Each structure stands twice: as structure tokens, then as C-alpha cells.
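# sequence and computational prediction follow.
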Amino acid sequence: MKINEIFHSIQGEGKNVGLPTIFVRTTGCNLRCRYCDTTYAYYEGEEMELQDIMKEIRKWDCKRICLTGGEPLLQEEMTEFADILISRGYTINIETNGSIDISDMTERDITVSMDIKCPSSEMDDRMRMENIGLMRERDELKFVIGGRNDYEYATDIIKKYKPVCSIAMQPAWGEMDARKLAEWMLGDSIDARLSFQLHKILWGNRKGI
């Protein structure tokens, strides 16, 4: 499996925000979102055997894993790797970009955090909307909001697909006023979490955090 980086940090967003987590970031992504903050994961990385990845993970006394990217579901060995982690007692969250079938993950004891890309990403036409119907209560659907057009796009999807999972709206870093987004959500009674990227607030926008 091609790995960009493995590190131990605080989860910066989503349902597990603030919790110590081991991050396994894979190399490669099939999308090119305009505001992507991990472009270094497009190509950088090295092939690692699954046993070597597990050896690296065991350096930290932590049983919480986040599989991220890039796009982790592009990795052919991801399902096998997830099963190994489950068998070793790890709690797993996988972050995926919404363009690839998630059924292998939702059939397992894994929490799926899935984006639906909004128009400002310039990747909204690549979304696999049928994934929303596969998501369970334990999962999370995330929208990165860059402005009013994104917000209205997201609320239309919520109304149309009525996801059973939790929902997060996250202001695009450096582009969207979080207070304004909060006001829109309150004004429209949107039952969603206003999500921030805590890791960037703590350490800035850099690798390995």
C-alpha cells in the first residue's frame, strides 16, 4: 500500500475532534479540489507492506486510527488493512471524498466520514450521491462551505437525500467566515455540526499534524 505519512496527533475535525489519533495517510487522489490542503499527498509516498504499517502504528499507545489521504479507497489493500486493524481492536474512522463506492466500509465496524464536494471545490460533478443512502447513524457527511452558493447546494442535498448520519458543515479555511456560516445554519434550523479544523488552529497548515 502506498503511504504518504503516518503520525500521531489530535483529530482536528469531525465526530472525534480533539481526541488523540494515529493517522495513516495514503498517497494518491482521483480529485483535484481547488482548495485542497494536502496536495503533497497526490504523489509523494512509498510502498509499504501491511505488516510494516502495523509495526509503525504500534509505536504509539493509541487504539484510534484515522485512514485518510489523498483518497484511501483508491488503495487496493485498504479493505484487507481495515480488517487487520479491526481484528487488533482498533477503532477506525475513514475519510473519503464522496466519489468512490463506500459499501465495503459500511459493511464493517468502521466509521465513515464522507465529503460531498460543493461547487467551489470544482469537483461537485464527480460525486457518487448513492453513497449517502449507504451511510449509517454512526457515520458523518461533511460539506466544506466556501460561500453562500455552497451552503445552498449543501442544504438542498440534505433536504433531498435526508441522510440518517450526522452532518457537518465546515468553513473553507481562509475563505469562509465561520460566524456567517453559523448564522445561516441557525437561521435555517439546519441540524448539523459547525466543524472547525482544530489542528490548523493549534499548529497551522502543515504536514504531520
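Alright, I've got the coordinates.
# so who does the residue nearest to residue 117 when sequence neighbours are not counted touch?
Counting by Cβ to Cβ, 6 or more residues apart in numbering, residue 123 is the residue found nearest to residue 117 once chain neighbours are left out, at 4.4 Å. (C-beta placed from N, C-alpha, C; glycine too.) By Cβ atoms under 8 Å, 6 or more residues apart in numbering, the contact set of residue 123 is 31-34, 97, 99, 117.
# check residue 171 too.
Residue 171 touches 144-146, 177-178, 181, 196, counting by Cβ under 8 Å, 6+ apart.
# name the nearest residue to it, sequence neighbours excluded.
Once flanking residues are discounted, residue 171 sits nearest to residue 178: 4.5 Å by Cβ to Cβ, 6+ apart.
# which SS class is the closest residue in space to residue 50 that isn't next to it in sequence?
Computed as Cβ to Cβ, 6+ apart, the closest residue to residue 50 that is not its neighbour in sequence is residue 81, at 5.6 Å. Following DSSP: H, G, I helix; E, B strand; the rest coil, residue 81 is assigned to helix.
# number of residues surrounding residue 200?
16 (other Cβ atoms under 10 Å).
# check which helix or strand covers it.
If you go by DSSP states H and E, residue 200 is part of helix 198-203.
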